[in-house]
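[1] Fold the following.
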Amino acid sequence: MAQFLYRRFGEQGWLQQDQAGDTAGTLGIAIRIEEANGWGYIEEPYGINDNLKVICEKLKVAAIATMSSDITSHLFSKIGSTDSEFALSPNHITVPVINDLYDLTREGSGVTRRDFCCFIRYEKTVLVWSNAVDELILNCAEVESKLMSCVKRRTPIYYVQILTLADMGCPGCGNSTHPIFS
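    Predicted structure coming up:
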């Protein structure tokens with residue numbers, strides 16, 4: 001399942017390394033599984049940052065993933081160095097901003113299971129989690145949609161007027177009442 005999800009994440013463009021952040025070893029997925037002697041983890045790629053597993057355990061979620069893309073890169077350029085949260089307009093959602101993955105492993109990070117995602121400033125990734133493994137890709141798509149609506153809202157729109165032949169008229173005389181334009 002982890003390999004399947006990792007491939008899908010790659011296809012969606014959610015595993016692009018941000019040149020401004022330290023994403024080495026942090027881009028991937030951790031899935032919590034029940035074993036005979038407690039909980040274990042399946043990770044993809046192998047050797048992913050151990051903090052992801054600790055966070056998964058702390059939040060008591062089934063799966064956790066990091067996302068990095070062109071959209072997240074744009075949003076991180078808008079997050080200040082002291083911001084502790086970021087508002088996603090027009091969705092009226094406030095997302096926690098954490099300095100690094102290690103901060104989430106400690107008590108008092110302020111991030112809870114119900115937050116569904118958070119921004120990780122140092123690694124320049126968005127951390128997304130799910131209560132069920134099969135819902136992780138849906139949650140990530142939902143987060144991407146909310147991020148995209150935030151980007152679209154903050155980007156100026158330039159209007160381009162498209163002229164038709166009838167608007168321009170006859171090339172010879174400029175008259176738009178010729179039969180060819182009717």
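
[2] all strands in the chain, in order from the N-terminus.
    29-35, 38-44, 63-67, 85-88, 93-98, 117-120, 125-130 (DSSP state E).

[3] Let me have these in TSV, extended by mean neighbour count, mean pLDDT and distance to Ile55.
    Backbone N, C-alpha and C define where each C-beta goes, glycine included. Output for the strands of the chain, formatted as TSV (neighbours: other Cβ atoms under 10 Å; pLDDT from 0 to 100; distance: least, Cβ to Cβ, whole Å):
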stretch	mean neighbour count	mean pLDDT	distance to Ile55
strand 29-35	18	91	8
strand 38-44	15	89	11
strand 63-67	26	94	6
strand 85-88	16	87	18
strand 93-98	18	90	10
strand 117-120	24	93	10
strand 125-130	24	94	7
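
[4] Output the below-cut-off pLDDT ranges for this structure.
    For the chain, the stretches with pLDDT under 70 are 22-23, 152-182.

[5] roughly how far apart are the residue nearest to the spatial centre of it and Cys117?
    Of all residues in the chain, the one closest to the mean position by Cα atoms, centre = their mean is Glu144, 4.4 Å from it. Going from Glu144 to Cys117 by Cβ to Cβ, to the nearest Å gives 10 Å.

[6] can you check Thr125 too?
    Distance of Thr125 to Cys117, given as Cβ to Cβ: 10 Å.

[7] Grab the nearest non-local neighbour of Ile33.
    Gly40 (5.2 Å; Cβ to Cβ, 6 or more residues apart in numbering).

[8] For the one you found, list the residues it contacts.
    32-34 (Cβ atoms under 8 Å, 6 or more residues apart in numbering).

[9] Could you do Leu75 as well?
    Leu75 is in contact with 86, 119, 147, 150-151, counting by Cβ under 8 Å, 6+ apart.

[10] One more: Gly13?
    Contacts for Gly13 (Cβ under 8 Å, 6+ apart) come out as 69-70.

[11] cool, the one 3 residues further on as well?
    For Gln16, the residues meeting the contact criterion (Cβ under 8 Å, 6+ apart) are 68-70, 73.
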